[in-house]
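> Got a predicted model here, sequence first, then my questions.
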Amino acid sequence: MVNITGICNLIVYVLDTDFNLLDDGTIDSTNDLIITGSSIMVNYYPGYKVYLYADSIHGLTDEVILPAEGEEKRFSIFGLRSVDYDHTSLNGDFYKSNFSVPALMYAQEIIEALTPESPLGGLYATRPDFYGKSTYTFTTSFADNHKPYGVLFCRTTDEMLLNALYTVETINEIKNQQKTLGGYDETYLSNRWSNFFDFVQLALEENYESYPPTAVSSTNYNFPIPDSLRFYLGINNFIQNHNSFFNVTVPLIDVTHLENLYLNTVIIPEIQNQSTALKLIDFIKEAVHNCFVPLTEIPIIYRFIKGGDYKPVAKKQTIRDMNGQLLSTSSPDFDIAPMMKIIDNNKVQFTDFQLDGTTNTIYFYAAREISSEMKLSAYSGVLGPIKLVNSNPPEAPQLKRVIPVLENRVLGISPFIQFEINCYSELQNVKKINIYRAFNRLDATSVRTMKLVKIIDLEVENILSDDVWIFKDSFEDLGSVPYGDPIFYSITVSRRIEYPEANYDALSPTIIVVDYAESLPSKLIGTAIVENYSPESPTVNYNAELYNATTDAVLNYVTLTWNETVYKGNYHLYKMNSQGNWVVISKIIADRAIKGIYNIYVLDTNGQWVISPNLAPLQSVNGQLYLPFEMTTIGTSSLNTKTSEGTSIYHHFKVLAENTSGMFSAKENILTMYNADNYNDIGGIGVMIVQGTFIVRENNI
């Protein structure tokens, strides 16, 4: 206190910013102390602090001075003048000085940063576009109709969270355990991650919750206690700084013995009300929150967010011009929130356009408010897990081998084509194999023109976990094995995807649609299956005109019939001559291009086998071949059954089958005419088939 004679006592307040105190509270001797005494000369520069109290008459109120909601700031202009209350002018007024230079008083709107409500959104992101990018939209509300000054949205992934807390070996163990429970399709996946982020409840528990619950299944799993060395070294560094600041000796964590740690283990106890006790879960919470990455370059100022009919677009924030200078908020190019909009008084919608839709990563979202003083609020609740819909086609299968497997009647093995392809990564979520087949090169140019003959479910066949997927085509869709035909194959695989169905009834639960995304086709494979067994011999019968064995001597309109016994095989028709030797009288040669079509070959005058002239090919009917006699080298449809003396004449025939490998049937099934056991007539109507058409002749016409 300085005594100024004749005026008043003057109190001088001095702030020494370099004044130091030791840890024990004593004064540091290096300080320059204030020198006192009666003869000390001091220069000081007086100033005045004026307090203005609320005064509605003069407009000194909150409504006038402070900015209104959304105004952000308000300026008030003040001017000062002195008044001499001891002397008056001639008109009786007190003497007053001129006003000082006006001064501006700046009042900023104070908007506190409250914790936002948990974001809300669907279970899945959108299907990826041509470039493999997916989008995800969620909404965030603010409590008590509160309009924040600014908002910040953050995102993280399961990989980032696990890497922050666990070693690589533990992460692999976690994934293997979750894989046995369904992996990314686990029924309790949402419950597991909700428990992971429930820090309030976890502060009371020793371990994470096990899922499925023990009441549901005895096979369950829970997240282990973190074991990352980097994580615990960070905690120990914090403990050292804490000990130094409070001058205490809290023990460090022994990183070589972590088996006695639990979520609710106290790491730093409360010390004389100077600090709050910290548990292990508090450090886990901090590490988890550090994994969240902001989705925008700078926080978004709420009042610049568009509303109404605005549609968010995939565009970066525009806050600088082409030269890197900050844009004015009034500039038409300024756009701080192109990816979001206001959809209600206290609700905003944010769209994340930058998700990689080609992975099995799961995402989590959280929000924070920013006050007008640039202070961040606590994190909101976490939204997630959010799954991706990876509908991009997988890579084409890599064929290792294609093996035609021949028939083995001893072991009961039917012929088939065996395929071997390399397995896909579990992340690809491939669940099915598709076999496409064609029998000509033109159809084989694309899977669109090939026939999808088989879909193999890898889980049903129990080969999903194999390193090499082995499967086969057994020709179940065909009536017979296509021996000798050129066969073209193309293989694709299908990825299993899930996405929510459009649901317009808010009271109904979300319906999850399961679909499959087919891969690109493999390279085209050409192969064939060969016959390695002799074919069966046909059993020959005949049709003819109604015949009376007592009176008739000629069998008219004879047609031989037999079953097809080999796929696209050839048939050789033999007749026994008068010397008892078998002579080939016709060959029925299969058309290799069309199943069931046969060309008839006969001997010409030079003894060469040629196609029977002026006759179209035969067509089998329901697996039966009908050969009229006039189409053979006999050249007639009639056969004498008696001599002029009435002695019976017998005609013997047999048919041998030849398969695509050139192997002949061995057994001889001999047909004898006239033999009533082999004769077939239809009520006096003789039936024969020529050129694949029924021709009916009545008796004696």
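Sure thing, it's come through.

> Run through the stretch 101-250 of the chain and note the low-pLDDT ranges.
For the stretch 101-250 of the chain, not a single residue meets the criterion pLDDT under 70.

> Now do the residue of the chain positioned farthest from its centre, the pLDDT please.
Relative to the C-alpha centroid of the chain, counting by CA atoms, centre = their mean, residue 90 is the outermost residue, at 93.5 Å. In this model, residue 90 is scored at 74, pLDDT.

> quick one, what contacts it?
Contact analysis of residue 90 by CB atoms under 8 Å, 6 or more residues apart in numbering lists nothing. To be clear about C-beta, it is placed using only N, CA and C from the backbone, and glycine gets the same treatment.

> How much space separates it from residue 295?
Look at residue 90 and residue 295: by CB to CB, to the nearest Å, they are 73 Å apart.

> show me what contacts the nearest residue to residue 132 once chain neighbours are set aside?
Leaving aside its sequence neighbours, residue 132 sits nearest to residue 358 (CB to CB, 6 or more residues apart in numbering; 4.5 Å). Shown in contact with residue 358 (CB under 8 Å, 6+ apart): 128, 132, 390, 392.

> Low-confidence ranges, the chain, go.
For the chain, residues meeting the criterion pLDDT under 70 lie at 1-10, 46-47, 272-275, 501-510, 614, 675-701.

> For it, which helix extends over the most residues?
helix 229-246 (DSSP state H).

> helices and strands around that helix, which ones?
In this structure, helix 229-246 makes packing contacts with strand 266-268, helix 280-289, judged by 3 or more CB pairs under 8 Å, 6 or more residues apart in numbering; DSSP states H and E.

> at 10 Å instead, please
The elements that helix 229-246 packs onto, with contact taken as 3 or more CB pairs under 10 Å, 6 or more residues apart in numbering; DSSP states H and E, are helix 158-165, strand 266-268, strand 278-279, helix 280-289.

> next structured bit after the first one?
Moving toward the C-terminus from helix 158-165, the first helix or strand encountered (DSSP states H and E) is helix 168-180.

> contacting residues around that next one?
Helix 168-180 is contacted by residues 158-159, 162-163, 165-167, 183-184, 186, 189, 192, 211, 219-228, 426, 465 when judged by CB atoms under 10 Å, 6 or more residues apart in numbering.

> Tell me the first helix or strand C-terminal of that helix.
Helices and strands here follow DSSP H and E; after helix 168-180, the next one along the chain is helix 189-196.

> other SSEs contacting that next one?
When contacts are defined as 3+ CB pairs under 10 Å, 6+ apart, helix 189-196 sits against helix 158-165, helix 199-202, strand 383-386.

> how big is the angle separating that helix from helix 158-165?
Orientation note: helix 189-196 sits at an angle of 30 degrees relative to helix 158-165 (axes from the mean of the first three to the mean of the last three CA atoms, to 10 degrees).

> Please identify the buried residues of helix 189-196?
Within helix 189-196, the residues that count as buried by 16 or more other CB atoms under 10 Å are 189, 192-196.

> who's in contact with the closest residue to residue 574 other than its chain neighbours?
Counting by CB to CB, 6+ apart, residue 574 lies nearest to residue 582, which is 4.3 Å off, once chain neighbours are set aside. By CB under 10 Å, 6+ apart, residue 582 lies in contact with 572, 574-576, 652-654, 656, 668, 670.

> Please look at residue 586 and residue 611 and confirm they touch.
No - look at residue 586 against residue 611 with CB atoms under 10 Å: they stay out of range, at 11.1 Å.

> So for the two, which sits in the more crowded spot?
residue 586 (23 against 14; other CB atoms under 10 Å).

> re earlier: pick out the most distant pair among the contacts of residue 582.
Farthest-apart pair in these is 572 and 652; separation 14.7 Å (CB to CB).

> And those two? Which one has more around it.
residue 572 (19 against 15).

> Surely the more buried one forms part of a helix?
No - read with DSSP: H, G, I helix; E, B strand; the rest coil, residue 572 is strand and lies in no helix.

> what's the closest non-adjacent residue to it?
Once flanking residues are discounted, residue 572 sits nearest to residue 656: 4.8 Å by CB to CB, 6+ apart.

> Pretty sure the one you found sits against residue 670.
No - applying CB under 10 Å, one finds residue 656 not in contact with residue 670, separated by 11.3 Å.

> quick one: which of these two has more around it?
Neighbour count, other CB under 10 Å: between residue 656 and residue 670, residue 656 has more, with 20 against 14.

> Going by neighbour count, which residues of the helix or strand containing that one are buried?
If you go by DSSP H and E, residue 656 is part of strand 651-658. Buried residues in strand 651-658, counted by 16+ other CB under 10 Å: 651, 653-658.

> following it, which helix or strand comes up?
Counting by DSSP H and E, the next helix or strand C-terminal to strand 651-658 is strand 671-673.

> For the helix or strand hosting residue 455, buried residues please.
For residue 455, the enclosing helix or strand under DSSP H and E is strand 451-457. Residues of strand 451-457 classed as buried by neighbour count (16+ other CB under 10 Å): 453-454, 456.

> Check stretch 600-609 too.
Buried residues in stretch 600-609, defined by neighbour count with 16+ other CB under 10 Å: 600-603.

> Would you mind giving those as CSV with distance to residue 520 and secondary structure added?
Shown next, in CSV, are the buried residues of stretch 600-609 (distance: CB to CB, whole Å; DSSP: H, G, I helix; E, B strand; the rest coil):
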residue, distance to residue 520, secondary structure
600, 47, strand
601, 47, strand
602, 52, strand
603, 55, strand
